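Colleague: Build me a model from this:
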Amino acid sequence: MGVGGKVLVSVRKKRWWLNRTALMVLWVFVSGLIWVGLHLYSRGDSMRKAEENLVSMCNDRARMLQDQFAVSVNHFQALAILISTFHYEKHPSVLDQDTFAYYTAKTALERPLLNGVAYAQRVLRSEREAFERRQGWTIKSFEGTTSPEKEEYAAVIYSQETVSYIEALDMMSGEEDHENILKARATGKAVLTNPFRLLGSNHLGVVLTFAVYRSGLPKDATLEQRIEATLGYLGGAFDVESLVENLLRQLAGNQDIVVNVYDVTNATEPLIMYGPQSTNSYQSPSHVSVLDFGDPFRKHEMKCRYRQKVPIPLSAITTPSGVFVICMLAGYILFAAWSRYDSVKEDWRKSEELKLRAEAADLAKSQFLATVSHEIRTPMNGVLGMLDMLLDTDLNLIQRDCAQTARVCGKALISLMNEVLDREKIESGKLELEAVPFDLRFLLDDVLSLFSSKSREKGIELAVFVSDNVPQVVIGDPGRFRQVITNLVGNSVKFTKRGHIFVQVHLAGSSYQCIRVSEEVESLAKNIQDKMLVGTFNYTPDTLSGLEAADRTNNWENFRLLLNEPCSGLHASEHVCKWTSNKVTLVVSVEDTGIGIPVHAQDRVFTPFMQVDSSASRMYGGTGIGLSISKYLVELMGGQISFVSRPHVGSTFTFTAIFQQDENIKFCDLHSALVECLPDDLRGMNAFLIDGRPVRSSVTRYHLKRLGIRADVATNIRTALHSISGQNDLQRTRKQLQVLLVERDAWDLETYATLLGQLEELKQKGLMSETPKTILLSTSELNRAELNLYFDMVITKPLRSSTLAACLQNILGLKDTRSLSGKEKENGAASALNRLLDGKKILVVDDNKVNLMVAAGSLKKYGANVVCVERGRDALALLRLPHDFDACFMDIQMPEMDGFEATRQIRLMENNEKFRSLGPTTLEHSGWSSRRLPVLAMTADVIQATYEECIKWGMDGYISKPFDEEQLYQAISRSLVSNSNSCPGL
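Modeller: Numbering: from 1, shown residues only. Next comes the predicted model:
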């Protein structure tokens, strides 16, 4: 292209740009004209719609205010009829100030515009003196002084609580009120006052006055008839500002308009009742709506206007600018779409980040629980394992009881740690109950032994009683039942500083059918209660400690009916309640005399992580989840839990639980962990108990009866002296009296010395073979050195049958036969274990030496050959093929190489081709057969994820710490039996 062509193109481009500019200028000019026309039209149309909208909103507000006022007036008239009917037509009047205040307070919502209601009775001058004497006060004026003499008064006798300060005021002492009362009486309609400032709120308000007539007044009554029939005047105060504001706040568009309410009775000087005093300089469109409040003497109106200048509508701008808006809208749409795309992309990125954080937090929580569980369970495994090994040795009864108590304490610590895990299981609905036979009485003894030291420190009675008709062995979940009892007793010990804690277990049939207190007992209890009220009777409750309990039904009279012995007023054949089905419903109560539960906190006792107040956690400790878990466990056991509590008296928690029972289960066939056999060499002995409290003596006799010892009871030493030396039923058995038990609060040195002298005299006369051994029972530690001068032994409560048996055997010089029978029982059960594990070679891998000792000791007891190593690499060296190990116990968390990696290496070695290339002859010659070595995980983690991880890495089983011998046996026997089935040569 030449120079001319380039010049032509340049001219064309220049012309095209000029044409485009001209078109753009023309388009802008035309669009501007269109914009001006459409804008003026849209603005005028918007103003007309704004005025119509203002009229509609103002009329709606006026109508709603008028309707609500009419409703309040109707209720006001109904209240006047109520006063006329129930105050004047009923003789005597059934209406008083309290009833009026209660009724008006309850029906206040039906009068939303009224701030308060009062009734003033019409009192003539001749009736004033009698009226004031009847009311008990004098009629006062608004100035607070006694109202002067005049023809009649309007004295306020009934008032709502919000205006109770006007009681006794003469409403006719005020000029305007006097005028309104006369108008209301003359017309029979509600009359309003001028607006004024109300007391207290300083808001503008009016007073509504309504006359109350006698019934039967005709509608066209004359003025004289109305005055004659007038009984009083009903008045109500209207807080106009607050009430109109509340009404307008409920309506949409209230922020856009300004509402004023005027009293225009005097048109030249209207009185403002609601709204701002001044207006803006800009006079916006306004509308006036007439208000009819039913007052024939006053006129009211509502004036509405816009708060601000009516804005220019958006359509007045967007419509004229349509051409520009189309282009801008297209760009805006593209921009908004891209922005939305970026926003969605960013939201997705943030959601993925939050998801990763949540998963990391959940993983951290699981790891935290696993770590805490591992760090606590690992040393507890050593403690409980060593105690189990100690219990396998020859111990006397006292040593065995101490070791068993320590073992129970360790298991309780583990159970407390499991509460958090239990809470998680409860929330996920994965908590299930076992069904194994167990001895309820020994389980309760074990639970009470956990709190023996604390009860001794506080000096409180801690006792358990199980009715004789409760089966010896029941089938259920002993661990969860123990957990419920431990939680309840633990709370009682925590919050009880004096008195007692009493655990009772009865059959549901006994509790609800056998307890039938006679009419004489009920009459006596009522007589005692009446004497207590007048202060003429010093009453000590018949409870375990003598202190009053929260549940008044837990008294001696009812407790006596639950005992298995016949008592007065109840035939023996009627007393015994037997269970006939294979289900047993037990009623368990835990009673204490602690601080009780405040009334305001009783409805949230079973709420998780809730305590009475913030100071309870600091003073007494605890997390607040024990009772919630207990409630869930009780419901799982088919029962319900409830409580009775009185502040500063105590609490009684009662729950039911359903267990299975089987008469064919023998006591000695149960596992030693569930049942402990008591010695038989104490059966047939006789004992004498001195205790002034019948409930406490029954508990002591309950423990003696479990040992086969017959016990007689005296309330004090003098009675015991008379019973032992007198001519009664004891004379034929006192030669065989072996033990004399004395409660600490029933002992005094002088009378006790007389008793000992009498016993020695009976021995010298040949009426008693031996002087009985003496035992002092106490709730707290005493000076044993001093008391040993008078007693053969001092036993500190709480009582436990096994401990009591050991003490009696000690002072009577009897042989401890319980441990022997226990070992014979264990030897019988161990023979089956020996047949399984005898000669088996087992490798135990754990970096904790104590855990190695526990596992090795448990397996060696059954004849296994155990090799222990502390590192995963050492285990790999020993398991290098060929080897002669039959199983391997592998800890998971170990330094250098954990259990997962060690197991993976073992499986790799088993599957490695280079070992298979040795050939069957070489492997057979070396004594190794191609089989899979059972590898069992030993870990303190108890979460499901750990078990799944073990299976994932090639392990065959899972044992959680702390473990017992039974758990070890079951795991290794399953693996060995499975291996034996697959490998006959094993």
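Colleague: going forward, measure contacts between C-alpha atoms and count neighbours the same way
Modeller: Fine.
Colleague: Can you show me the strands along the stretch 151-300 of the chain?
Modeller: With strands called from DSSP state E, counting those that start in this stretch, the stretch 151-300 of the chain shows them at 152-159, 191-192, 196-197, 204-213, 230-239, 257-263, 271-274, 286-291, 300-306.
Colleague: any chance of those strands in CSV, with mean neighbour count, distance to G638 and mean pLDDT too?
Modeller: As requested, these are exported to CSV (neighbours: other C-alpha atoms under 10 Å; distance: least, C-alpha to C-alpha, whole Å; pLDDT from 0 to 100):
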stretch, mean neighbour count, distance to G638, mean pLDDT
strand 152-159, 24, 55, 89
strand 191-192, 28, 67, 86
strand 196-197, 14, 66, 76
strand 204-213, 24, 63, 85
strand 230-239, 23, 59, 85
strand 257-263, 20, 64, 85
strand 271-274, 21, 65, 82
strand 286-291, 17, 67, 86
strand 300-306, 21, 68, 85
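Colleague: what's the closest of these to K583?
Modeller: strand 152-159 (63.5 Å; C-alpha to C-alpha).
Colleague: Ramachandran coordinates for M938?
Modeller: phi -120, psi 110 (degrees, to the nearest 10).
Colleague: ok so, going back, of the strands of the stretch 151-300 of the chain, give the one that comes closest to S449.
Modeller: Across the strands of the stretch 151-300 of the chain (criterion: C-alpha to C-alpha), the nearest stretch is strand 152-159, sitting at 64.6 Å.
Colleague: so can I have a markdown table of the strands of the stretch 151-300 of the chain showing distance to T700?
Modeller: Output for the strands of the stretch 151-300 of the chain, formatted as a markdown table (distance: least, C-alpha to C-alpha, whole Å):
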| stretch | distance to T700 |
| --- | --- |
| strand 152-159 | 65 |
| strand 191-192 | 82 |
| strand 196-197 | 78 |
| strand 204-213 | 76 |
| strand 230-239 | 72 |
| strand 257-263 | 84 |
| strand 271-274 | 81 |
| strand 286-291 | 86 |
| strand 300-306 | 87 |
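Colleague: and G899, which of the ones you listed is closest to it?
Modeller: G899 sits nearest to strand 257-263 of all those, at 77.4 Å, using C-alpha to C-alpha.
Colleague: tilt between that closest one and strand 286-291?
Modeller: Strand 257-263 and strand 286-291 meet at an angle of 40 degrees, taking axes from the mean of the first three to the mean of the last three C-alpha atoms, to 10 degrees as the criterion.
Colleague: Could you export strand 257-263 as PDB, CA atoms only?
Modeller: Extracted C-alpha coordinates of strand 257-263, given in PDB (Å, rounded to 0.1, in the frame of the first residue of the first chain):
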ATOM      1  CA  ILE A 257     -43.400   8.000  60.100                       C
ATOM      2  CA  VAL A 258     -43.800  10.200  63.100                       C
ATOM      3  CA  VAL A 259     -47.100   9.700  65.100                       C
ATOM      4  CA  ASN A 260     -48.600  12.300  67.400                       C
ATOM      5  CA  VAL A 261     -51.700  11.800  69.600                       C
ATOM      6  CA  TYR A 262     -53.600  15.000  70.700                       C
ATOM      7  CA  ASP A 263     -56.400  15.800  73.000                       C
END
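Colleague: on contacts alone, who are the packing partners of that strand?
Modeller: Secondary-structure packing of strand 257-263 (3 or more C-alpha pairs under 8 Å, 6 or more residues apart in numbering; DSSP states H and E): strand 271-274, strand 300-306.
Colleague: Which one, of the strands of the stretch 151-300 of the chain, ends up nearest to L413?
Modeller: Of the strands of the stretch 151-300 of the chain, nearest to L413 by C-alpha to C-alpha is strand 152-159, at 63.9 Å.
Colleague: Ok, which of the strands of the stretch 151-300 of the chain comes nearest K773?
Modeller: If you check each of these against K773 by C-alpha to C-alpha, strand 152-159 wins as the nearest, at 79.2 Å.
Colleague: packing partners for the closest one?
Modeller: Judged by 3+ C-alpha pairs under 8 Å, 6+ apart, the packing partners of strand 152-159 are helix 97-106, strand 114-124.
Colleague: quick revisit: closest to D681 out of the strands of the stretch 151-300 of the chain?
Modeller: D681 sits nearest to strand 152-159 of all the strands of the stretch 151-300 of the chain, at 83.0 Å, using C-alpha to C-alpha.
Colleague: Now do that closest one against strand 114-124, angle only.
Modeller: Using the same axes, to 10 degrees: strand 152-159 against strand 114-124 is 140 degrees.
Colleague: Now do strand 152-159: distance to the chain's middle.
Modeller: Its chain's C-alpha centre and that of strand 152-159 lie 52 Å apart, by C-alpha atoms, centre = their mean, to the nearest Å.
Colleague: ok and it relative to helix 97-106, angle-wise?
Modeller: Comparing the axes of strand 152-159 and helix 97-106 via the same axes, to 10 degrees yields an angle of 70 degrees.
Colleague: residues in contact with strand 152-159?
Modeller: 96-97, 100-101, 116-125, 139, 166-172, 232-233 (C-alpha atoms under 8 Å, 6 or more residues apart in numbering).
Colleague: next helix or strand past the lowest-mean-pLDDT helix or strand in the chain?
Modeller: Least confident element among the helices and strands of the chain, by mean pLDDT, DSSP states H and E: helix 572-575 (a mean of 35). Downstream of helix 572-575, the next assigned helix or strand under DSSP states H and E is strand 583-592.
Colleague: What are the buried residues along that next one?
Modeller: Neighbour counts over strand 583-592 (16 or more other C-alpha atoms under 10 Å) mark V584, T585, L586, V587, V588, S589, V590, E591, D592 as buried.
Colleague: tell me the phi and psi of the residue nearest the centre of the chain?
Modeller: In the chain, the centroid-proximal residue (C-alpha atoms, centre = their mean) is T607; its distance is 1.9 Å. Dihedral angles of T607 (phi, psi; degrees, to the nearest 10) stand at phi -80, psi 130.
Colleague: how far away is it from T496?
Modeller: According to C-alpha to C-alpha, to the nearest Å, T607 stands 22 Å off from T496.
Colleague: for L812, same thing?
Modeller: Distance from L812 to T496, by C-alpha to C-alpha: 36 Å.
Colleague: before we move on, what about E132?
Modeller: According to C-alpha to C-alpha, E132 and T496 sit 57 Å apart.
Colleague: These two - which one has more neighbours?
Modeller: Using other C-alpha atoms under 10 Å as the criterion, E132 and T496 rank with T496 on top: 22 against 15.
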